[in-house]
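S.K.: generate coordinates for the sequence data below:
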Amino acid sequence: METGRNETPVQRADRNFTELLQELRVALPGVQVLFAFLLAVPFQPRFADATEFQENVYFVTLLFSALASALLIAPGAYHRLNFARGDKPHIVAVANRLAIVGLIALSFAMTGAVLLVSDWLFDGTVVVVATGAVALMFAVLWFGLPLRRRLVTGAR
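M.R.: Below you'll find the model as predicted:
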């Protein structure tokens, strides 16, 4: 794949991994704050008033948040355990997949958090519209636009 840069495959892999880590530095604080918030929720006095639906949404959201944390932190661990093996292109490929699946899990966790809070505060239509709008926002901004660009430019 031609990048328009004068770099070796190893230099490209190093640059790509550095760029991926920079991107993960943006996502990680958000997932960590969400996970911490979700860990504290059941210890609030009003959580006892939650409906069965809200408890189920809470638990699934907590699990997606934990999954997102694990997947978004995994590239660093994968690199740490394999960096001396001289296989940086493989590390970058695996880390890229982990990050993408981590972003999917994070979008589900954040959408679940909106569903939980909006269901706590409102009824019916507001819950559906708010949750649907948030899910659509993530689908379009995080996945739709980048994938559309790939289709238009013919990129792999």
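S.K.: what's the helix or strand for the residue positioned nearest the centre of the chain?
M.R.: Centrality entry for the chain: nearest residue to the mean C-alpha point is residue 103, 2.2 Å, by CA atoms, centre = their mean. For residue 103, the element it lies in under DSSP states H and E is helix 88-121.
S.K.: then residue 32?
M.R.: Using DSSP H and E, residue 32 sits in helix 9-40.
S.K.: tell me which residues of that helix come out buried.
M.R.: 12, 13, 16, 17, 20, 24, 28, 31, 34, 35, 38 (16 or more other CB atoms under 10 Å). Just so you know, the C-beta spots here come from the backbone N, C-alpha and C atoms, and that holds for glycine as well.
S.K.: check stretch 59-76 too.
M.R.: Using 16+ other CB under 10 Å as the test for burial, stretch 59-76 gives 61-62, 64-69, 71-75.
S.K.: quick check: angle from the helix holding residue 32 to helix 88-121?
M.R.: An angle of 20 degrees separates the directions of helix 9-40 and helix 88-121 when computed by axes from the mean of the first three to the mean of the last three CA atoms, to 10 degrees.
S.K.: downstream of helix 9-40, the next helix or strand is which one?
M.R.: helix 52-82.
S.K.: now the angle from that next one to helix 9-40?
M.R.: Using the same axes, to 10 degrees: helix 52-82 against helix 9-40 is 150 degrees.
S.K.: for helix 52-82, name the packing helices and strands.
M.R.: Counting contacts by 3 or more CB pairs under 8 Å, 6 or more residues apart in numbering; DSSP states H and E, helix 52-82 packs against helix 9-40, helix 88-121.
S.K.: out of those, which gets the lowest mean score?
M.R.: Out of these, helix 9-40 stands lowest, with a mean of 91 (criterion: mean pLDDT).
S.K.: ok now that helix, how far from the chain's centre?
M.R.: Using CA atoms, centre = their mean, to the nearest Å, the mean C-alpha position of helix 9-40 is found 9 Å from that of the whole chain.
S.K.: which helices and strands does it pack with?
M.R.: So helix 9-40, by 3+ CB pairs under 8 Å, 6+ apart, packs with helix 52-82, helix 88-121.
S.K.: point out the most buried one among those.
M.R.: Burial of these is given as mean neighbour count (mean count of other CB atoms under 10 Å); helix 88-121 ranks first at a mean of 19.
S.K.: please tell me how far residue 55 sits from residue 61.
M.R.: Distance, residue 55 to residue 61, by CB to CB, to the nearest Å: 11 Å.
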